[in-house]
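Trainee: Sequence first, predicted coordinates after that:
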Amino acid sequence: MSDEIAESQTPAAGESHVVVGATGNFEGLLAFWGLARVEGRVRGEVSADGTLEVGPDAVVHARIEVDALVVEGLVEGDVVARERVEVRAGGRITASVATPRLVLAEGGSLEGRLVMTA
């Protein structure tokens with residue numbers, strides 16, 4: 001990998017940056033701002049001022065602290081979402097979740113402790 005770090009820009013509305021592709025694996029601390037999408041596997045910690053989207057085939061085993069979390073795949077670990085958590089059809093969270101707003105679509109599941117914060 002190059003030592004050069006590209007300057008990141010905030011994505012336009014509706015646009016996302018794929019952080020981990022479908023065949024990718026990431027282990028460690030994933031920190032970002034704006035919008036990021038995971039299609040592969042992540043293990044470790046995710047910290048963001050922004051939104052993390054977990055794609056339908058993605059598996060995330062991490063402590064997550066973000067503004068918003070959208071789950072279509074699997075999330076295991078502790079989740080703190082400062083604004084909201086959305087679990088879409090087929091999405092699954094097995095974790096302790098703290099958030100002021102939870103949207104759980106039909107076909108989505110949440111197994112664990114839920115704390116609704118103010």
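Mentor: Perfect, I can see it now. Numbers count the residues shown, from 1 in each chain.
Trainee: in stretch 98-115, what's buried?
Mentor: The neighbour-count criterion (16 or more other Cβ atoms under 10 Å) identifies 98, 99, 104, 108, 110, 114 as the buried residues of stretch 98-115. All C-beta atoms are positioned from the backbone trio N, CA, C, and that covers glycine.
Trainee: Test my guess that residue 74 contacts residue 62.
Mentor: No - Residue 74 is not in contact with residue 62 according to Cβ atoms under 8 Å; the separation is 11.2 Å.
Trainee: Give me the more crowded residue out of these two.
Mentor: Shown here are residue 74 and residue 62; by other Cβ atoms under 10 Å, residue 62 has more neighbours (24 against 19).
Trainee: Which neighbouring elements make contact with the helix or strand containing that one?
Mentor: Element membership of residue 62, judged by DSSP states H and E, is strand 59-71. If contacts are counted by 3 or more Cβ pairs under 8 Å, 6 or more residues apart in numbering; DSSP states H and E, strand 59-71 sits against strand 41-54, strand 74-87, strand 92-99.
Trainee: That strand to strand 74-87, inter-axis angle?
Mentor: With axes from the mean of the first three to the mean of the last three Cα atoms, to 10 degrees as the basis, strand 59-71 and strand 74-87 are set at 0 degrees to each other.
Trainee: now strand 59-71: how far from the chain's centre is it?
Mentor: Offset of strand 59-71 from its chain centre (Cα atoms, centre = their mean, to the nearest Å): 3 Å.
Trainee: Touching that strand from outside, list them.
Mentor: Strand 59-71 is touched from outside by 30, 38, 40-54, 73-88, 91-93, 99, 108, with contacts defined as Cβ atoms under 8 Å, 6 or more residues apart in numbering.
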